[in-house]
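Only the shape, not the letters, is given here:
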């Protein structure tokens, strides 16, 4: 029973919260452990790639603000402006890069 709880917890951690994207954010990690409906390749191909999603800050965002992209969240520690927020290459944390 503990193994089932652990597996369910891992599935929930990878559940994708962005509308229009695949069911799971890192489905490659879960192949073989999910039921056939989740592994549907057509669904995966039609969904938006999570690494292409970003937030452009044209104005100012203040410290203490929490930003979420998919399953990742970032609490802004200092006031920033003119930044693009996106997931890093590993899709595990949000990074901020300057907008030119």
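Received, thanks. All of these numbers come straight from a predicted model, not from anything done at the bench. Residues are numbered from 1 along each chain as shown.

can I assume residue 54 is in contact with residue 85?
Yes. Contact criterion C-beta atoms under 8 Å: residue 54 and residue 85 qualify, at 6.3 Å. Where you see a C-beta, it was placed from the backbone N, CA and C, and this is true even at glycine.

who's more crowded, these two?
residue 85 (21 against 13; other C-beta atoms under 10 Å).

can you map out the helices along this structure?
2-14, 27-30, 41-46 (DSSP state H).

mean pLDDT for the ones you listed: which is lowest?
Of all these, the minimum mean pLDDT falls on helix 27-30 (a mean of 48).

Relative to residue 50, how far out is the nearest residue to residue 54 once chain neighbours are set aside?
Excluding its sequence neighbours, the residue lying closest to residue 54 (C-beta to C-beta, 6 or more residues apart in numbering) is residue 86, at 3.9 Å. Distance of residue 86 to residue 50, computed by C-beta to C-beta, to the nearest Å: 10 Å.

Show me the common contact partners of the two, please.
Common contact partners of residue 86 and residue 50 (C-beta atoms under 8 Å, 6 or more residues apart in numbering): residue 69.

Show me this protein divided up by domain.
Using automatic domain parsing, the domain ranges for the chain come out as 2-46, 50-98.

End to end on the last one, go ahead and measure it.
Going back to what we said before, that points to domain 50-98. Terminal residues of domain 50-98 lie 20 Å apart, using C-alpha to C-alpha, to the nearest Å.

count of neighbours near residue 80?
16.

Residue 59 is in contact with that one, correct?
No. With contacts counted by C-beta under 8 Å, residue 80 stays clear of residue 59, the gap being 10.2 Å.

where does the protein have its least confident helix or strand?
helix 27-30 (a mean of 48; mean pLDDT, DSSP states H and E).

Okay, and the beta partners of the closest residue to residue 88 other than its chain neighbours?
Spatial nearest neighbour of residue 88, chain neighbours left out: residue 95 (5.1 Å); criterion: C-beta to C-beta, 6+ apart. Beta-bridge partners for residue 95, by DSSP bridges, are residue 86.
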